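> Attaching a predicted model along with its sequence, questions to come.
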Amino acid sequence: MFRLLHPTIVKLRATGRRPRARLVPLLVAAAGAGVAPVLFAACVRPVPPAVTSPVVVADPPFLVIAHRGASGYRPEHTLESYALAVAMGADYIEPDLVSTKDGVLVARHENEIGGTTDVAVKFPARRTTKVIDGDTVSGWFTEDFTLAELRTLRARERLPQLRSTAYDGQFLVPTFDEVLALADSLGRARGRVVGVYPETKHPSHFRAIGLPLEEPLLASLDRVGWNRADAPVFIQSFEVGNLRTLATRTRVRLIQLMAEGAPPDRARDASIPTYAELRTPAGLRALAAYVHGIGPEKGLVLPGAQADGATTLVRDAHAAGLKVHVWTIRAEPRFVGPRFSGDVQAEVRAFVEAGVDGVFTDQADVVRGVVPQ
Ligand code: G3P
Ligand code: CA
């Protein structure tokens, strides 16, 4: 019995997957026979909690998306930051995703983690220099650490000159599976759906080094029953190529992020359009064939230099059938658009009046003060 089941058990442990239903009686029989009780327990132990919330997309008309959690108040991309944002009224929590050396998706804004963890103290010798999407970056990179190593780290505030460091050294770097389980449990506790809005970070880089993001992302969604069109999930990317591929592999709603310049994968594939090309009416119509919406930098909707007035982007996107979620509303005056003189509530009101369908924000409570739930 052991020899028969051992390859399956090893595979389950490696992938963190549940045993298929048809295997469970076999495993139980093995346990009952006293052959493999420990292995049976071991093969189910790594599986994240099941998501049991009803998966019906009933998004409010204006989405409050917790940008890296409540990152104005807690170290970003921690379970504690996400939970606080939901308590403040966020509809969706936003994990940026990168990969560990052993292929586990974790929530970090970039693969270099020197600025948001204590890795420099705990692994000083692991500092290195790499070229990531054309930029030379020195530091510590998630792809050089196993999940077990990353779990020894604690999160730190990215902007210590501006935001509280009182929570530094307390919180773990979470896995995407843990973020999904948190969204489910918070949603059930609050009697409403709490969605997730994962972003693939540096997807071409990770695929090139043999640690693609998309497959484990969809596998995680599969495990919790959220790899479906009506799940409370958006997958976002600054790249174009991986969204095009994802569109052939999942019905989860996709969001094309955009800023100035060009998608990072244009450096590898000159046929990829620039962001300026993507946001033309024709570019938006082409996007609408496979994405649900766009995520523009806020200046692409309300340009900072102008005293008033919006670009045509929201109108053009809506005409193409696309939703518009802008980033990023931050309450600190230095981050508020210049035309609002540091008044973040006025900025939020202006985006509502401009017709956007949601905002990413570091301070969900501030946005909720303007757009009640
Ligand atoms: O994903 C929307 C927004 O978060 C994009 O900016 O750099 O904070 O991931 P970034
Ligand atoms: Ca992001």
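Great, that's in hand. Residues are numbered from 1 along each chain as shown. Ligands and ions are numbered 1, 2, ... in the order given.
> Just list the residues touching the residue in the stretch 101-250 of the chain positioned nearest to ligand 1, thanks.
Residue nearest to ligand 1 within the stretch 101-250 of the chain: residue 199 (4.7 Å; CB to the nearest ligand atom). Quick note: C-beta positions are derived from backbone N, CA and C, even for glycine. The contact partners of residue 199, taken as CB atoms under 8 Å, 6 or more residues apart in numbering, are 94-97, 235-238, 257.
> Bridged to it, which residues?
residue 96, residue 236 (DSSP bridges).
> So what's the residue count around residue 290?
Neighbourhood size, residue 290 [other CB atoms under 10 Å]: 14.
> So which bits of the stretch 251-373 of the chain are right by ligand 1?
257, 295, 327-328, 360 (CB under 6 Å from any ligand atom).
> Any chance of those in a markdown table with pLDDT as columns?
Formatted as a markdown table, these follow (pLDDT from 0 to 100):
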| residue | pLDDT |
| --- | --- |
| 257 | 99 |
| 295 | 99 |
| 327 | 98 |
| 328 | 98 |
| 360 | 99 |
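> Among these, which ones are in helices?
Nothing among those maps onto helices, per DSSP state H.
> Most neighbours among the residues you listed, which one is it?
residue 360 (27 neighbours).
> Can you name the residues bridging to that residue?
Assessed by DSSP bridges, residue 360 has beta-bridge partners residue 65.
> is it true that it touches residue 295?
Yes. At 7.4 Å, residue 360 counts as touching residue 295 under the criterion of CB atoms under 8 Å.
> shared neighbours of the two, which are they?
325-327.
> helix/strand/coil for residue 207?
helix (DSSP: H, G, I helix; E, B strand; the rest coil).
> Please list all residues in contact with it.
213-214, 242.
> Would you mind putting those residues into TSV with neighbour count, distance to residue 227 and secondary structure alongside?
Below are the contacts of residue 207 laid out as TSV (neighbours: other CB atoms under 10 Å; distance: CB to CB, whole Å; DSSP: H, G, I helix; E, B strand; the rest coil):
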residue	neighbour count	distance to residue 227	secondary structure
213	27	15	coil
214	20	12	helix
242	23	16	helix
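> In the protein, what residue comes closest to ligand 1?
Per CB to the nearest ligand atom, residue 327 is where the chain lies closest to ligand 1, at 3.9 Å.
> And that residue, how far from residue 151?
Separation of residue 327 from residue 151 (CB to CB, to the nearest Å): 29 Å.
> cool, residue 368 as well?
Distance from residue 368 to residue 151, by CB to CB: 33 Å.
> Spell out which residues belonging to the stretch 101-250 of the chain are near ligand 2, please.
Proximity of the stretch 101-250 of the chain to ligand 2, by CB under 5 Å from the ion, involves residues residue 199.
> got the residues of the stretch 101-250 of the chain near ligand 1?
Within the stretch 101-250 of the chain, the residues that sit near ligand 1 (CB under 6 Å from any ligand atom) are 109, 199, 236.
> What's the local residue count around residue 341?
Residues near residue 341, counting by other CB under 10 Å: 10.
> In the stretch 151-300 of the chain, where is pLDDT below threshold?
Low-confidence segments of the stretch 151-300 of the chain, defined by pLDDT under 70, are absent.
> For it, which segments count as strands?
For the stretch 151-300 of the chain, applying DSSP state E, counting those that start in this stretch gives strands covering 195-196, 199-200, 234-237, 253-258, 293-296.
> Which parts of the chain belong to which domain?
Using automatic domain parsing, the domain ranges for the chain come out as 1-44, 56-111+163-368.
> Out of those domains, which is closest to residue 122?
Of all the domains of the chain, domain 56-111+163-368 sits nearest to residue 122, with 11.0 Å by CB to CB.
> From residue 289, how far off is the residue of the chain found nearest ligand 2?
For the chain and ligand 2, the shortest gap (CB to the ion) falls at residue 199, measuring 4.1 Å. In this view, residue 199 and residue 289 are 21 Å apart by CB to CB.
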